[in-house]
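In: sequence first, predicted coordinates after that:
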Amino acid sequence: MTGTFNETHFDFAEEIDRLDDRIADLQAEADETEDGSDQEAALLETRQTLQTQRKGAIWACPGRGGGEDAHEDDDFPMWDEPVDGVTLGAVRARTFANMENDLESDPNAGSGTSSILLIADGTVEAPYVGEDMRDAEIAGAVGKLHPWYLKWAEGRITALMDPEGNATSSGTSPGDKQTKTTSTEE
């Protein structure tokens, strides 16, 4: 049994475009709501979350960032090759619990947060994961990645775990969905 399901390849350029569209939609919705309302605050908070995720996709996408590409950035040596995207999957509860237990019992693994463990377990194929790496090593590598990338990856993995479908939108209604393609909506 594998630790993931709903494995999906995410193309970074498509993700940036998806996030741009969703951010613009949220801003338009917020502009149409009453100033200072709870609905406006929720829309603006979701927009801010997606803007942070967008920065993570930009950082990872070769040629799209304002600075160095992820694979050329000396601050993040675990991202060692240029890629157009990564493959992520939803995690199974047992696998996540086992990884958390393993890390807690390994004094060399360091402390990890739930987000880092989620991303470590939900990463199927990416430059920071090697076939011969143990779970604790993967979590260690994930913990050293750019924080914005972690926000993006966590959002994608969480969307893949949604029981209503892996294409649930970030909209205020759980019924807002898109169809599964190489890129899904959060």
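Out: Received, thanks. Residues are numbered from 1 along each chain as shown.
In: tell me the helix or strand right after the helix or strand bottoming out on mean pLDDT in the chain.
Out: Taking mean pLDDT, DSSP states H and E as the measure, the helix or strand of the chain with the lowest value is helix 93-105, at a mean of 71. Next helix or strand after helix 93-105 toward the C-terminus (DSSP states H and E): helix 114-122.
In: pull out the buried positions in that next one.
Out: By neighbour count on 16 or more other Cβ atoms under 10 Å, the buried set for helix 114-122 is S115, I116, L117, L118, I119, A120, D121, G122. Every C-beta, even on glycine, is put in place using the N, C-alpha and C of the backbone.
In: in TSV: those residues, plus pLDDT and distance to T52.
Out: Shown next, in TSV, are those (pLDDT from 0 to 100; distance: Cβ to Cβ, whole Å):
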residue	pLDDT	distance to T52
S115	84	13
I116	89	16
L117	86	20
L118	89	16
I119	94	15
A120	92	20
D121	91	22
G122	94	18
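In: quick one: which of those is nearest A136?
Out: Nearest to A136 among the buried residues of helix 114-122 is A120, at 8.9 Å by Cβ to Cβ.
In: G63 sits in which helix or strand?
Out: Per DSSP H and E, there is no helix or strand for G63.
In: so where's the longest helix in this protein?
Out: If you go by DSSP state H, the chain has its longest helix at helix 38-60.
In: helices and strands around it, which ones?
Out: When contacts are defined as 3 or more Cβ pairs under 8 Å, 6 or more residues apart in numbering; DSSP states H and E, helix 38-60 sits against helix 12-32, helix 147-160.
In: alright, I will stop here.
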